[in-house]
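Asker: Got a predicted structure here, sequence first:
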Amino acid sequence: MLVLDDLPGTGGIPQWVLDNEAAGHTLDAYEPCPPPHHRAHGLVGVVVVVAAVLALWSGRPSSEPDAQVAALAAEATMTQVGQQLFYAHHPQVLDAAEFAGRCPARAVGCYSAGAGSIVVYEPEDERLHGWVVTVASHEMLHAAYDSLDDEDRRAVDALLDVTMAGLGVDDPLRAQVEASVDGREDTRRTEQFAYIGSQVAGVDPRLEAFYGRFFDDRQAVVHAYTSTGSLLVALNADLAGQREVLKHLQSQGRTSEAVAQRGVVDSLAQDIGTLQTQMSGAVVSR
């Protein structure tokens, strides 16, 4: 699950978040699934596992994706295995109105093994498309972690420990993981796996090999994440500069020029606010 606290410079809480919390509604952000060999119970379980294996062998996804979902998988450079996991959870990419109430409070995406679902929020502004790639990749990685057998999971967990230990004390990823775990310790490992896999460029080669099962070029996913943050950083830096120009004009008593500059500042501030609001899902009227 990705939460609003993960987004650089986001502001405000969507009305649908406030409504859900006021009504006492809760949703499970991530429903962990036991290792593959513990999942099948009885004939039904065996049939499900066999069907999944046959689908993988055939090279065909168990659920045909729509064009938008397939394009996201391609942008994230998901391998055939990654695509299979993504498509099998019937991913939905939703706008703000459709997304309202589909995931836990402050989340912009969620995964449920039990429901077999992945839900991704898509901001309206095309400049934020990289964030959609990030969220889709993050949620697929939850399914990827669930697909690991016990031996692989132990190896991955040890490598996740190494990676987390190498992060700075104030590294934002630490807070991101805590926000998503939210006291549910059984989700810590899968959240670490998803955050690191979609946001951290340099990892141990052994961990990279595991991610390589699911992405052809994981750096493309990391770039999608960093480019969104870079966009907002650049816009905020521009806004700060434009405000300094406005102050200078006002101090010089150049009223007409200051009025025009105020328009530039207000327009840029509004643009940034719109982007931040869209990233948080807060486009539903409050």
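Answerer: The structure has been received and is ready for your questions.

Asker: CA only for contacts and neighbour counts going forward, please
Answerer: Fine.

Asker: if you average pLDDT over stretch 174-191, what comes out?
Answerer: Across stretch 174-191, the average pLDDT comes to 92.

Asker: where do the helices sit along the stretch 51-200 of the chain?
Answerer: Under the criterion DSSP state H, counting those that start in this stretch, the stretch 51-200 of the chain contains helices at 67-75, 80-88, 96-99, 129-147, 150-165, 172-181, 188-199.

Asker: And the contacts of the longest one?
Answerer: Surrounding helix 129-147, the residues in contact under the criterion C-alpha atoms under 8 Å, 6 or more residues apart in numbering are 1-2, 32-36, 72, 75-76, 82, 85-86, 108-111, 113, 118, 120-123, 153, 190-191, 193-195, 197-199, 214, 221-222, 224-225, 227-228, 279.

Asker: Go through the helices of the stretch 51-200 of the chain and pick out the most buried.
Answerer: Among the helices of the stretch 51-200 of the chain, the stretch with the highest mean neighbour count (mean count of other C-alpha atoms under 10 Å) is helix 129-147, at a mean of 25.

Asker: circling back to that earlier point, so can I have JSON lines of the helices of the stretch 51-200 of the chain showing distance to Arg206?
Answerer: As requested, these are arranged in JSON lines below (distance: least, C-alpha to C-alpha, whole Å):
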{"stretch": "helix 67-75", "distance to Arg206": "24"}
{"stretch": "helix 80-88", "distance to Arg206": "18"}
{"stretch": "helix 96-99", "distance to Arg206": "36"}
{"stretch": "helix 129-147", "distance to Arg206": "15"}
{"stretch": "helix 150-165", "distance to Arg206": "8"}
{"stretch": "helix 172-181", "distance to Arg206": "20"}
{"stretch": "helix 188-199", "distance to Arg206": "13"}
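
Asker: what about the residue nearest the centre of the chain, distance to Val119?
Answerer: In the chain, the residue lying closest to the centroid (C-alpha atoms, centre = their mean) is Val135, at 2.5 Å. In this view, Val135 and Val119 are 9 Å apart by C-alpha to C-alpha, to the nearest Å.
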